[in-house]
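> The following comprises the amino acid sequence and a computationally predicted model.
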Amino acid sequence: MRVALITFHNALNYGAALQAYASQQAIKALGVDCEIIDYVNEHRKNAYSMMNHAMEELKKKRIASSAKYFLGGVFMSTRRRRFLNFYRNNLVCTKQQFTSSQEAKILNNEFDKFVVGSDQVWNYNHNGNDFAYLLDFVEDNDKKISYASSFGLADIPEDLKGKYIENLRNIRYLSTRERYGVELIKRLVGREAKLVLDPVFLLNKDQWLSLCKNREKKRSYVFSYTNRPEQWEDFLKKTNFPMENLKVYKISRHLTIKDFLSPKVKVKYSISPNEFIETIANAKLVVSASFHCIAMSIILNVPFVAILTGDKGKDERILNLLRITGLEDRILNDHMTCKDVHKNIDFKLVESRISKYIDDSLDFLKTSILS
């Protein structure tokens, strides 16, 4: 049996890289051949182009923002090289690249099943309003599978609802990774989508660590991976967490000159996905607003504090995960203290809580592919 997977397989984003790898590995573990469709539309092609973003900002006369993108191009170039190396070494893709649904139609006779997911492949802001990510190029609806596909949205605009409804109705095996996604699908098409785990949970701790050298390091740093200004500073202010004998390793879109000059800060913006795993694994503490960073912290048994952004569509991913694992008390709030941060996490209990969800998710994937 041959299975084709469409996802964000070449994004310069840690979560996208990890979920693409995990998805393919989990499918291959079922004893079938799996290739990722090398699908890159114009929107995805430019998604990580610093020059493109800089020129767009310049057109809007946002000079400071444009300058940041130009400067960020240096770091993005290094990140791009390391990510592409990870993809070359760890993913199996189709030999031909496709840029549209029309082009991808030739794959109908080559594969027995088509899987879309995970990541925010159903977020029109991320996929460029391209319904290839809802498998519109697949002619046989019985071949269509969604595994943990995410909207990352609270709702769908009126002008796009028709296309979403049409394509969601045609996917035989329908699952998503957020409860809000289940509710949204119910509202749109009246179907009960299966709630499954993000594919990173389909691989265990040892499988993830096998991707990196995992050099033993003294846990003398806190890893901060944030997506809004002042999130790290807000954590320190609210918890009064002592950093006297610790460094902070940072990944953020909002780095400052001070971050680059401070001996207490290590900027990790350009590390590879392998190094990302290793950095989490060896941290004393992880402080993050990133879903996949929190997910990997749980898998690798590393203490963490989760930061919510206030964006209902995006926060739901983290909230759903923390509800399942019983770790809602790890969410940063106005009353969190240093003692709360240091509170021991019973990872054996966490693993027992999530194990049934892993088994259930694997059963869905197995049934949808092998039936």
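Looks like it arrived, so ask away.
> going forward, measure contacts and count neighbours with C-alpha atoms only.
OK.
> Need the residues that contact stretch 234-250.
Outside of stretch 234-250, the residues within contact range by Cα atoms under 8 Å, 6 or more residues apart in numbering are 220-225, 264-269, 287, 332-338, 341.
> Now do it: distance to the chain's middle.
Centroid separation for stretch 234-250 versus its chain: 25 Å, with Cα atoms, centre = their mean, to the nearest Å.
> Could you tell me which of the contacts of stretch 234-250 belong to helices?
Of the contacts of stretch 234-250, the ones assigned to helices by DSSP state H are 338, 341.
> and the contacts of stretch 234-250, which are buried?
Neighbour counting over the contacts of stretch 234-250 (16 or more other Cα atoms under 10 Å) leaves 221-225, 265-269, 287, 332-333, 336-337, 341 as the buried ones.
> what ranges do the strands span in the stretch 251-371 of the chain?
265-267, 285-288, 304-306 (DSSP state E, counting those that start in this stretch).
> want to throw those into a markdown table with distance to residue 15?
Formatted as a markdown table, these follow (distance: least, Cα to Cα, whole Å):
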| stretch | distance to residue 15 |
| --- | --- |
| strand 265-267 | 18 |
| strand 285-288 | 13 |
| strand 304-306 | 15 |
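> Any chance of a markdown table for these, columns distance to residue 147 and mean pLDDT?
As requested, the strands of the stretch 251-371 of the chain are arranged in a markdown table below (distance: least, Cα to Cα, whole Å; pLDDT from 0 to 100):
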| stretch | distance to residue 147 | mean pLDDT |
| --- | --- | --- |
| strand 265-267 | 34 | 95 |
| strand 285-288 | 25 | 98 |
| strand 304-306 | 25 | 98 |
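> now residue 204, nearest residue through space, not along the chain?
Distances taken as Cα to Cα, 6 or more residues apart in numbering put residue 299 closest to residue 204, at 6.9 Å, once the chain neighbours are dropped.
> all strands for the stretch 101-250 of the chain, in order.
113-116, 144-146, 175-176, 194-195, 221-226, 247-252.
> Which one of those strands lies nearest to residue 354?
Of all the strands of the stretch 101-250 of the chain, strand 194-195 sits nearest to residue 354, with 13.2 Å by Cα to Cα.
> Measure how far that closest one is from the centre of its chain, please.
The answer for strand 194-195 is 18 Å, by Cα atoms, centre = their mean.
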